[in-house]
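# Got a sequence here, can you model it:
(2 chains)
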Amino acid sequence: MKYVKRRLLFYIFSIWAITTIAFFCAYSLPGDTARIILGRQASEGTLQAYREETGLNLPIYRQYGTFISHISHFDFGSSLSFRRPISELIKERAFSTFYLMFLASINVVFFGIAIPIYFKWKSNRYLNAISESIFLLIGIVPPYVLGIVSFIIIADKLGWISVIFKPENMSAWFLPSLVLAAYPISIIYRLFNNQMNYVVNSRYVLRSRAMGFSEGYILYKEVLPNALTTSLPAFANSLAAFLTGTFFIEMIFGISGLGRLTYEAISNKDITLLLTLCILFAFIITTISALLEIIQHIIDPRLR
Amino acid sequence: MRLTMEDFSVTEWNKILHRTGRLLIICLSIYIINVHTVYSDPNPTPQLTIIYCNEEQPTEKSAVIQIIQAQLATKGISVKLEPLPTSIFYDRVAKQDYQAGFSLWYIDYNDPEGFLTDFYSKASFRMSKYQDDNFDSLYLSGLMADNEKEKIKFFRKAVEYLNKQLTWIPLYSNSEIFLFKKEAEGFQSNSFQYYDYKVVNLRNICVSTDIEPQTQNPALTYDLASKHIVCQSYEGLISMDEENRIVPGLAYEWLFSENKDQLTFKLRNNVFFHDSPIFADRKGREVTAEDIKFSFERMLKSNSPYSYIFDYVEGIEKFRAGESNGVSGFQVIDEHTFRIVLNRPFPTMLQWLLAPAAYIVPKETPLNYDFSKGSIGTGPFVLKSYDGSVVKFHAFTRYWQHDNKGKQIPYAKTLEIRVMTDVNVAWMAFLKGELDIFNVPLSLLNQIFDTNGKAKSKWSKYGYREVKLNNLKFLFFSMENSPWGKQGELRQKINAAIDRQSIIDWIFKGKARVATSIIPSGIEGF
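Residues are numbered from 1 along each chain as shown, chains lettered A, B, ... in the order given. As a prediction, the model looks like this:
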């Protein structure tokens, strides 16, 4: 329990540190926010009024103070460029991003874990080798290139999906989620496969075989738990990678999610929005690693 | 004879080193003498650094500026280019931390004044910080002129004055090229980039925009993408047709008083707002003069970039200072009559009301109404939702306009405006029939036009339209901080070195016009 408390404190501290660093980074972005938002024809009076309305005219330490006091009450204020409550903006956009991440993790589980198990179960070594090299090939292509090329081939040349992204079509989600998952799949596939090979050739599996247990039973009960322990951190890392990966996936496929929102926030020097997104991402990533630690403790008795 | 290591004694090495050293020194001195003679020109041309913003229309800007760089280089003017993001660009311009810049200028209404404000020494934001009393007096006499003719006369003089001094170097005005499905023939747009879909004879219209709209709130509308969206759902007292003429909007007639200081509007009957929860019975009610007053005051309160359009209305100072609750110059005469009283004769007031910021919203509008949740205007399309990638509209069935045969306008049932930041993706979608109208970007002109500037025959199944825009692309100079701004002869030198026609032929396939004046030729009176 003491351990959990210590870890929790550590994560809270790191979220605070990230927020503070992000605040000062966003603050030092070049450009005058009021001018960017109100446009070049805005008069000095309008600019001043806007700065007063949003508190941009205060010295930096006071802006930092109000910022901290606001976010500790979960009040994220309203976006400078969109002029709407940030919580609403995020609520609107978060769905696509999280849905994409969810589908991508299903893809990872399916292609990175289920397929190697299936091949092992069928003991089909050739298929295994072929699919491993295919995933390796896809994995080493830069994701951005992979996204564009696959988009051109599938949407334009083959015409299987529409060029315009229609979120109500389930099939439209498949390609972006697969591209997002491509790199993590290639890593997890190899990692998991190697680990499985190692475990399958171990002595206790030999013992089970000798005792006449079925191959399926051995795989499920004895190989899987041991092989999964190494893939789990890789899986958690890939979740974090999805979050950053959605940035360009959303740009390529025209999905409006948090990645695109971040891009807009940066180009408009929208400090409040940028900071909220930063905190959100930091929170998600630290939560993932915290959960990972807990799960590892539960399934791996060696860590206890 | 084979050389061995012993042959290269220490003294041999020394000799070699000495010889190469001497050779080096001779080369160096020749080089220095040469360079010195080349650069000892008694009147050296300073290096020119041109900044430009690489976020708005980056392809066009970088292509044009590089050609200019090459053209100037042949005349011995060395140019350094500095692409900057929007945020830094305007910041540096405001601080006068630049030598020269490449930029564009457009206005939302047909009035030459819009292109001259930058030179007026008391204007709010001035790019070049130009200051000249002669120009100021010409500008002011034009602005304060009692009638259009006088105004144009003075503005022409002012423009001539500026052109002679070459404060800005005008380059060109470009056009918008549209390809559209034959069925979307009814699409209209004009030189001020108002896009009108209300007589497009398609059931569902789908179009794209390549910039993310910043707002759906008419009062805050500033960028083109937001204007595109806002002008589907909201309308002003007057509007502009596809030939840039002022036509009746919510007001069916207007009248300037004798000395141009009172502008009276007669409002149409039976104009309704979109249905919205802000109304007591959720049903849009009829527009009254009270709504006009409310909309204008709301715009003034919301830090709009267009709040200057009411600068000459009576009682504006008191309102801005917070001393009064309303602007005394906005007068509600009766339910369908609205008057703007000005504190001096100002005939341009009418044109300024074309700006999207002067669009009308109902007086029930709450202070923090979220305009992305639903529109509350009077326009032909009702905004249903905006999720960051697509703006969905449906037709407003009680829209006030009917066509000649008495059929309800708009014809379409739905309208979708999609944000597609990648133009190649939008092009793909258009070719596959997923978009109905496509605004052709610069990078695709090569594919559309042959070498003679005619549309290739393979596009003949689509409708094609070229709309000449009233904008100006120009070079401007810091009048305070750069030798280029201070010395007119240097600017003349640049002006003479630029071959505008070849830029237009190379990059725009002839779909642009040479600009020789700081006011583009389409503007009223020029």
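
# just the helices in the stretch 1-150 of chain A please.
Secondary structure of the stretch 1-150 of chain A (DSSP state H, counting those that start in this stretch): helices at A:2-27, A:33-38, A:44-54, A:60-72, A:86-107, A:115-121, A:125-140, A:143-151.

# Also the stretch 201-304 of chain A?
A:203-210, A:215-218, A:224-253, A:258-267, A:271-299.

# Just name the most buried of the ones you listed.
Most buried of the helices of the stretch 201-304 of chain A, by mean neighbour count (mean count of other Cβ atoms under 10 Å in any protein chain shown): helix A:258-267, with a mean of 22. From N, CA and C alone the C-beta is placed, and that goes for glycine too.

# what inclination does that helix have with respect to helix A:2-27?
Angle of helix A:258-267 versus helix A:2-27, following axes from the mean of the first three to the mean of the last three Cα atoms, to 10 degrees, is 40 degrees.

# right, quick check: helix A:258-267 against chain B, any contact?
Yes - Helix A:258-267 reaches chain B (Cβ under 8 Å from any Cβ of the partner chain) through A:260-261, A:264, A:267.

# Which positions in the stretch 401-526 of chain B make contact with chain A?
Close to chain A, as judged by Cβ under 8 Å from any Cβ, the stretch 401-526 of chain B has residues B:418-422, B:425, B:428-429, B:432, B:434-435.

# buried subset of these?
Neighbour counting with 16 or more other Cβ atoms under 10 Å in any protein chain shown marks B:418-421, B:425, B:428-429, B:434-435 as buried within these.

# low-confidence ranges in the stretch 1-150 of chain A?
Scanning the stretch 1-150 of chain A for pLDDT under 70 picks out A:1, A:36-37, A:39-43.

# Kindly recompute the last result at 80.
For the stretch 1-150 of chain A, the stretches with pLDDT under 80 are A:1-4, A:26-47, A:50, A:53-57, A:67, A:71-84, A:120-121, A:123-125.

# Check what pLDDT residue 224 gets.
With no chain named, the answer covers chain A. Per-residue confidence (pLDDT) for A:L224: 82.

# that answer is for a different chain, and I need it for chain B
87.

# That one - how many residues pack around it?
As a burial measure, B:L224 scores 16 neighbours (other Cβ atoms under 10 Å in any protein chain shown).

# With adjacent residues omitted, what lies nearest to it?
Of all residues beyond its chain neighbours, the one nearest B:L224 is B:Q193 (5.8 Å), with distances taken as Cβ to Cβ, 6 or more residues apart in numbering or on different chains.

# what are the phi and psi angles of A:G159?
Dihedral pair for A:G159: phi 70, psi 30, per degrees, to the nearest 10.

# Might you report the residue contacts of the closest residue to it other than its chain neighbours?
Distance criterion Cβ to Cβ, 6+ apart; nearest residue to A:G159, sequence neighbours excluded, is B:K432 at 7.1 Å. Shown in contact with B:K432 (Cβ atoms under 8 Å, 6 or more residues apart in numbering or on different chains): A:156, A:159, A:162-163.

# can you tell if stretch A:18-28 touches chain B?
No - against chain B, stretch A:18-28 shows no contacts by Cβ under 8 Å from any Cβ, the least distance being 12.0 Å.

# what sits against B:K283?
B:D275.

# Which helix or strand contains it?
In this structure, B:K283 sits in neither a helix nor a strand according to DSSP states H and E.

# and it, how far is that from B:I107?
Distance of B:K283 to B:I107, computed by Cβ to Cβ, to the nearest Å: 37 Å.

# Kindly report the same for B:L224.
12 Å.

# related to what we said a few turns ago, torsion angles phi and psi at the residue nearest to A:G159?
Backbone torsions of B:K432, given as degrees, to the nearest 10, read phi -90, psi 0.

# re the thing from before, can I get the residues of helix A:258-267 next to chain B in JSON lines including distance to B:K15 and pLDDT?
Output for the residues of helix A:258-267 next to chain B, formatted as JSON lines (distance: Cβ to Cβ, whole Å; pLDDT from 0 to 100):
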{"residue": "A:R260", "distance to B:K15": "70", "pLDDT": "85"}
{"residue": "A:L261", "distance to B:K15": "72", "pLDDT": "87"}
{"residue": "A:E264", "distance to B:K15": "69", "pLDDT": "82"}
{"residue": "A:S267", "distance to B:K15": "64", "pLDDT": "75"}
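
# so who does the residue in the stretch 101-250 of chain A that chain B sits nearest to touch?
Residue of the stretch 101-250 of chain A nearest chain B, by Cβ to the nearest Cβ: A:V163 (3.8 Å). Contact analysis of A:V163 by Cβ under 8 Å, 6+ apart lists A:155-156, B:425, B:428-429, B:432, B:434.
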